[in-house]
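Enquirer: Sequence unavailable; structure follows:
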């Protein structure tokens with residue numbers, strides 16, 4: 001399991017949250033990717049940078065932070081790096097937020 005601080009820091013940036021949103025449905029956003037199947041390999045970081053309108057080194061940094069938080073998987077294929085969401089890690093984080101940080105409605109009475 002990744003460090004909760006790393007996970008919270010990863011999600012504290014709008015661009016990183018946008019990366020996760022876009023990668024939720026890679027075929028819808030990157031069906032034109034020719035170098036590798038988006039469902040099998042993930043999305044090329046260069047195409048992700050293009051979609052976000054950010055420089056490739058900036059997106060690579062965001063992707064690395066999300067990877068260290070456990071939210072992304074990175075796969076090398078030929079000379080490119082491809083990223084995809086780690087759905088199990090995202091689900092586990094969501095469950096942690098829902099359970100461990102649940103608001104007790106009666107505590108304010």
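Expert: Yes, it's here. Since we're looking at a predicted model, the values are computed, not measured. Numbering: from 1, shown residues only.
Enquirer: Only C-alpha atoms from now on, for both contacts and neighbour counts.
Expert: OK.
Enquirer: what comes up buried for stretch 73-87?
Expert: For stretch 73-87, a neighbour-count test (16 or more other C-alpha atoms under 10 Å) marks 73-75, 81-86 as buried.
Enquirer: quick one: which two of the residues you listed are the most distant?
Expert: Largest separation among the buried residues of stretch 73-87 by C-alpha to C-alpha: 81 and 86, giving 15.6 Å.
Enquirer: Select from the buried residues of stretch 73-87 every entry located in helices.
Expert: Applying DSSP state H to these, no entry is found in helices.
Enquirer: Tabulate these in CSV, adding columns for pLDDT and distance to residue 31.
Expert: Shown next, in CSV, are the buried residues of stretch 73-87 (pLDDT from 0 to 100; distance: C-alpha to C-alpha, whole Å):
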residue, pLDDT, distance to residue 31
73, 96, 19
74, 95, 19
75, 93, 18
81, 91, 17
82, 95, 14
83, 96, 14
84, 96, 14
85, 97, 16
86, 96, 19
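Enquirer: Please enumerate the strands of the protein.
Expert: 43-44, 72-77, 80-85 (DSSP state E).
Enquirer: looking at these, which is closest to residue 13?
Expert: Comparing the strands of the chain by C-alpha to C-alpha, strand 72-77 comes nearest, at 15.0 Å.
Enquirer: who's in contact with the closest one?
Expert: 36, 41-42, 63, 66-67, 81-86 (C-alpha atoms under 8 Å, 6 or more residues apart in numbering).
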